[in-house]
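Engineer: Take a look and give me a structure for this.
(3 chains)
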Amino acid sequence: MPEQLAFTIEVFLNGLMAGVLYALVALGFVLIYKASGIFNYAQGVMALFAAMTLVGIQNGQVPFSHLINAILGTDVHHFGWHVHSAIAIVFTVAVMVLLAVCVQRFVFRHLVGQEPIILFMATIGLAYFLEGVADLMWGSEIKSLNVCATEGACLPQGLNMWIDETTYNAFGYGFFIDNLDIVASIVAIILVVGLVMFAQYTKQGRAMRAVADDHQAALSVGVSLNFIWILVWSLAGFVALVAGIMWGAKSGVQFSLSLIALKALPVLMLGGFTSIPGAIVGGLIIGVGEKLFEFLIGAPFLGGATENWFAYMLALLFLVFRPQGLFGEKIIERV
Amino acid sequence: MFYREAGDFNTSYAEDQQTFPIKFDRYRYYVVLFIAIFVVPFIINDYWANSFLLPFLIYAIAAIGLNILVGYCGQVSLGTGGFMAVGAYACYKLMTAMPDVSMFIHVLLAGLITAAVGVLFGLPSLRIKGFYLAVATLAAQFFLVWLFNRVPWFYNYSASGQINAPERDTFGILITGPNTEAWATYMFCLIFTIASALVARNLTRGSVGRKWMAIRDMDIAAEIIGVNPLRAKLTAFAVSSFFIGISGALFFSIYLGAVEVGEVFGITKSFLVLFMIIIGGLGSIFGSFAGAAFLVLLPVLLKIVGVDWLGWPTDIVAHLQLVIVGGLIVVFLIAEPHGLAQLWRVAKEKLRLWPFPH
Amino acid sequence: MKYKLGTLAVAGLMAASPVMADLVFPSLSYRTGPYAAGGIPFADGYADYFTMLNARDGGIGGVMAKVIECETGYNTEKGVECYESTKGEGALVYQPLSTGITYQLIPKTTADNIPMHTMGYGRTSAANGKVFSHTFNYPANYWNGASGAINYLLSENGGDLKGKKVALVYHNSAYGKEPIRTLQELSAKHGFEFKEVPVDHPGQEQKSQWLQIRRDKPDYVIMYGWGVMNQVAVQEAANIRFPMENFIGIWWSGSENDVLAAGDKADGYKALTFHGVGDDFPVFDDIQKHVVDAGNAAGAGDQIGTVLYNRGLYAAMLAAEAAKTAQEIHGTADITPAMMRDGMENLEITEEKMAGLGMPNFGPSFSVSCDNHGGPGLIGMTQWDATAKEWKLISEFSETDMSVIQPLIDADSGAYASENNIEAGCK
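Structural biologist: From the prediction side, this is the model:
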């Protein structure tokens, strides 16, 4: 196989993997937007908050310890125990559900029926608030995340080496795929299949889809909007946790985790704000597109670091031909 | 109680159209202007200028610009940071290429250049709407920042890629550089802010503004009654970018003096200005000022209270700042979803009738 | 942080009534935002050293030192606010710890006659004191760093880098672009191939960059990164199985934060430094005794002995020594910022001085002069030991190639001088 082609394929494969990671973040946006029409700016911060909570629980950190120490003059930092990651995940999910309940109870219940831009703005307030709380709760230093999945330990070690060697023997070129990315892809597939099954086959899931289709009609057949909204926010919280784990595994859990939302926006544009398959396909297209562009044009001719804007340009190009995104609902305008 | 009036008895269109129909408001406006022009410059010092007034005035211009686009024309944009960068770099190139020309002209030219760039990136708005457009304008944001970082011509081939404002004056008074007087920079920005507000106010209540609002309220209906969406949207982009370009030029040359494009004009700036107009009130010039004041002054005030008065550790104060600002945004929204401007309007309405509301 | 917020409030109010006798050292720190992980230990080290001086020596020359901390969040605008609000308090020297804030304070501090110390960051050409009268960047700057890395590679390869490939992975900002010119010059001089690989802020996604590196197979990778970019780069380098001992970070890419997330895979990663690492210095006993045990440690008190904490400590030590020098020159204990500037310009750090402070061999010995605000530019190399979880100094602090760097400094500072009508010369 010619070298250049092999490299291109490798970049393509890695682009797919990166796309899966983008899609993971985008999923959270889609869930909430579909069910309640809220463009949730706080999704990135939720990922940060979830990951920080997970690490905090795992390490037995005392929440708000810095604040407590400053007020009471105590010197508490850790409970002195380590929680197994599975249990910590359960607790974190509980915290995210609690957060969903609070968000619904204290914010969006009071804003029912407002224009989208106002709901968007409420999520901005929420993002600020959560960011502050997360830092106060767990401190803003960088934390390393150890869940079995993040080390790739759930997979046989050296899986990527095996891929490398096998492909080398077969094609004369060893492809590189990161263990973490393989894990992320598997997790993403499970997550999406789970979400789809949930939406298709459970009572709550059907109610959720009913609300997404038409609030009023759903209300009139006895679906509790309040419950459904808490449900989608919890689900989005869960997705945020998964995204937080996957991204946090690479970089450690720190503030920058909240910026992954920016990676999801072009995916959303491309896939449509309302479509779960759209988020996945959009993620893959963006991932592959930006990696290939950087590899073939950006780095050799434009000096590199083109990925950030190219993702948006690509999405923009798609939108000019399909203004509602790839899978978005057709916008029908009437006077 | 403040207001003593017996009803609207306008006898001419001019009276009906005026910005401050109530005498009391008008006088208050004059008093504020008077204080801003004739009192503040004499008592201002570096700290007040650089920590409060300059950022407030400059962000107010940016907010007015964005409000024209988002609040009046209904095109949500997240490219503000990028357009401010265009203004800043245009101003830098003009300043260094023509050192003898007055700063007024440089800043205005920077605004015009930004307007041209704004129109270019406004073209997709003809096809794309709503949040899709918002995200599409992010393409402009990221691309422009990358461009200014990448092409050495923009930063005159300096080793690090930063731009520094050299000393320039207007009418013999130093405006940029480290040796400026606080009052000079303040007055320079104030003139631009007042002019921007006046121009924006008069544009938005004229036929251009009505076309924008028609497009905002329903573009298809507007098209049917004869508003050309192409022209309306692109003029909105042009005018909006013009103001944003001016604010970017001032931000760089007067306020900061040195700029690193990715840090200063990054995506956070775009969001910040958008937050300002949403919090202040969409489609309101007063709202632009209120929002800018809220997001510029509140964090500094909280910092002063927390760190300087209470002596708390800086990191706790910084985190609490986020919690309080975020909490206040939500509380304001629940109290009044249409921003501080609407809150102000409602308060005035109540005061007009007080103490006998019926 | 053992006292209560209530008492802190009282103390704060009392401090508000001016006690002008204090020597004020503002610390423009960032304990929040994207670079908090790097800002916290530095700020802790900076504050703790002065707390220790106050408790152990009764201040500097008999005058108490006071650190005013101001949170910038690495944000230029907040930096302006911090500068304006602290300069009235008699601030002696600024340490902005941010390239953006540095650039914007260079003209301001000069106009206000307050010195600024940008240790190992900021504008490299500020080493030319004839143009940048109030900016100091001793003991080493970015261009020394680039040259130090190449020198180290030269020594590893028996003085010959011909035909080798060196890639620079850098933060696509003013900071990251600093070493490019130096490395280009050096590649022409030593005949190695040089390749730039930029990473855009914040740098969470570096797949394409590391695939490029995997394809091009450079012999060595040098990194100028900061914040989340470091952790991801180390992780990705480990993933593509790039040999870690051939991967060299600048000092801002060489703290515990940057390697811990990658676990064992980061073992062998190298980073440049200009000061000592670890807590095996007598000064740490004093800090334990006078600061930690007394309950006065800054922040959470859990950063002591980390690389960036030591850097903060080192910065504080240099500031305190400069203040002492200023006190000697001017014969007064209560120095002004202008005197502080003179102190910094005549600063001399010797081995005996450092040993006397409990920091033997903590950094190179050097002296500052008007011509040279940048110090000697001696660079050491550290390596990460993942099992012991500590950085180890693996080389001497050695000379860098000033024959390449000095012309670059002269050119850049000359451009700044002509752009801003500065007459170069010693005051």
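Engineer: contacts, neighbours, all on C-alpha from now
Structural biologist: Fine.
Engineer: what helix or strand is residue C:68 on?
Structural biologist: Using DSSP states H and E, residue C:68 sits within strand C:65-71.
Engineer: what does the stretch 201-335 of chain A put close to chain B?
Structural biologist: A:265-266, A:269, A:303, A:306, A:308-313, A:315-316, A:319-320, A:323-324, A:333-335 (CA under 8 Å from any CA of the partner chain).
Engineer: Mind checking which of these are in strands?
Structural biologist: For these, not one is inside strands, with DSSP state E as the criterion.
Engineer: if we can go back for a sec, give me the contact list for the very next helix or strand once past the strand holding residue C:68.
Structural biologist: Downstream of strand C:65-71, the first helix or strand assigned by DSSP H and E is helix C:76-87. Under the contact criterion CA atoms under 8 Å, 6 or more residues apart in numbering or on different chains, helix C:76-87 has outside partners B:46-47, B:50-51, B:256, B:263-264, C:26, C:28, C:68, C:70-72, C:96, C:100-101, C:104-105.
Engineer: One more pass at 7 Å, please.
Structural biologist: With contact meaning CA atoms under 7 Å, 6 or more residues apart in numbering or on different chains, helix C:76-87 is reached by B:46-47, B:50-51, B:264, C:26, C:28, C:70, C:72, C:100-101.
Engineer: Which members of the residues you listed are the farthest-apart pair?
Structural biologist: Pairwise distances across those peak at 22.9 Å for B:264 and C:26 (criterion: CA to CA).
Engineer: one step back: now for the strand holding residue C:68, which elements pack on it?
Structural biologist: Contacts defined by 3 or more CA pairs under 7 Å, 6 or more residues apart in numbering or on different chains; DSSP states H and E place strand C:65-71 against helix B:314-335, strand C:23-29, helix C:36-57.
Engineer: Sketch out the low-pLDDT regions of the chain for me.
Structural biologist: Reading this off chain A. Scanning chain A for pLDDT under 70 picks out A:1, A:148-158, A:331-335.
Engineer: Actually, chain C is the one I wanted.
Structural biologist: C:1-21, C:427.
Engineer: Helices of that one, start to end?
Structural biologist: Using DSSP state H, the helices assigned to chain C run over residues C:5-16, C:36-57, C:76-87, C:99-112, C:142-156, C:174-190, C:207-216, C:228-239, C:256-260, C:282-287, C:307-330, C:337-345, C:351-356, C:402-419.
Engineer: Pick out the residue of the stretch 151-300 of chain B closest to chain A.
Structural biologist: Ranking the residues of the stretch 151-300 of chain B by distance to chain A (CA to the nearest CA) places residue B:221 first, at 5.8 Å.
Engineer: any idea which element that residue lies in?
Structural biologist: Using DSSP H and E, residue B:221 falls in helix B:219-224.
Engineer: Next secondary structure after that helix?
Structural biologist: Sequence-wise, the next helix or strand downstream of helix B:219-224 (DSSP H and E) is helix B:229-250.
Engineer: before we move on, back to that, nearest to residue A:82 among the helices of chain C would be which one?
Structural biologist: Using CA to CA, those put helix C:256-260 closest to residue A:82, at 18.1 Å.
Engineer: Give me the contacts around stretch B:333-340.
Structural biologist: Applying CA under 7 Å, 6+ apart, the contact partners of stretch B:333-340 are A:110-111, A:118, A:122, B:278-281, B:287, B:290, B:343.
Engineer: Output that stretch as PDB, restricted to C-alpha atoms.
Structural biologist: C-alpha atoms of stretch B:333-340 as PDB (Å, rounded to 0.1, in the frame of the first residue of the first chain):
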ATOM      1  CA  LEU B 333     -34.800  36.000  34.400                       C
ATOM      2  CA  ILE B 334     -37.500  34.500  36.600                       C
ATOM      3  CA  ALA B 335     -38.400  37.900  37.800                       C
ATOM      4  CA  GLU B 336     -38.300  39.500  34.400                       C
ATOM      5  CA  PRO B 337     -37.400  37.400  31.300                       C
ATOM      6  CA  HIS B 338     -36.800  40.400  29.100                       C
ATOM      7  CA  GLY B 339     -33.800  41.700  30.800                       C
ATOM      8  CA  LEU B 340     -32.900  44.700  32.900                       C
END
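Engineer: Can you list the buried residues in it?
Structural biologist: Neighbour-count burial for stretch B:333-340 flags B:333-334, B:336-340 (criterion: 16 or more other CA atoms under 10 Å in any protein chain shown).
Engineer: Stretch C:348-365 now?
Structural biologist: For stretch C:348-365, the neighbour count (16+ other CA under 10 Å) marks C:348-351, C:354, C:358-365 as buried.
Engineer: residues making contact with it?
Structural biologist: By CA under 7 Å, 6+ apart, stretch C:348-365 touches C:274-276, C:281-283, C:366-368, C:378, C:397.
Engineer: Residue C:88: how many residues sit nearby?
Structural biologist: Residue C:88 has 10 neighbours, counted by other CA atoms under 10 Å in any protein chain shown.
Engineer: Same check on residue B:183?
Structural biologist: For residue B:183, using other CA under 10 Å, the count is 18.
Engineer: Now it: which helix or strand?
Structural biologist: helix B:182-205.
Engineer: Next secondary structure after that helix?
Structural biologist: Past helix B:182-205, the next helix or strand by DSSP H and E is helix B:207-217.
Engineer: relative to helix B:182-205, how tilted is that following helix?
Structural biologist: Interaxial angle of helix B:207-217 relative to helix B:182-205 (axes from the mean of the first three to the mean of the last three CA atoms, to 10 degrees): 70 degrees.
Engineer: can you give me the offset of helix B:207-217 from its chain's centre?
Structural biologist: 20 Å (CA atoms, centre = their mean, to the nearest Å).
Engineer: For that helix, name the packing helices and strands.
Structural biologist: Partner elements for helix B:207-217 (3+ CA pairs under 7 Å, 6+ apart): helix B:229-250.
Engineer: got the residues of the stretch 151-300 of chain B near chain A?
Structural biologist: Listed as neighbours of chain A in the stretch 151-300 of chain B under the rule CA under 7 Å from any CA of the partner chain: B:220-221, B:278.
Engineer: among the residues you listed, which ones are buried?
Structural biologist: So, by 16+ other CA under 10 Å, the buried ones in these are B:220, B:278.
Engineer: Among the residues of the stretch 151-300 of chain B next to chain A, which one lies nearest to residue A:82?
Structural biologist: Closest approach between these and residue A:82, by CA to CA: residue B:278, at 44.2 Å.
Engineer: Distance of the closest one relative to residue B:64?
Structural biologist: 12 Å (CA to CA, to the nearest Å).
Engineer: What subset of the residues of the stretch 201-335 of chain A next to chain B is buried?
Structural biologist: Buried among those (16+ other CA under 10 Å): A:265-266, A:269, A:306, A:308-313, A:315-316, A:319-320, A:323-324.
Engineer: okay, stretch C:302-311 in CSV with CA atoms only?
Structural biologist: Extracted in CSV, the C-alpha atoms of stretch C:302-311 (Å, rounded to 0.1, in the frame of the first residue of the first chain):
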residue,chain,number,x,y,z
ASP,C,302,-0.9,20.7,49.6
GLN,C,303,1.4,21.9,46.9
ILE,C,304,4.7,22.3,48.8
GLY,C,305,7.7,20.9,47.0
THR,C,306,6.0,20.6,43.6
VAL,C,307,7.8,22.1,40.6
LEU,C,308,5.6,25.1,40.2
TYR,C,309,5.5,25.7,43.9
ASN,C,310,9.3,25.8,43.9
ARG,C,311,9.2,28.2,41.0
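Engineer: Out of the buried residues of stretch B:333-340, which is nearest to residue C:211?
Structural biologist: Proximity of the buried residues of stretch B:333-340 to residue C:211 was ranked by CA to CA; the top entry is residue B:333 with 46.9 Å.
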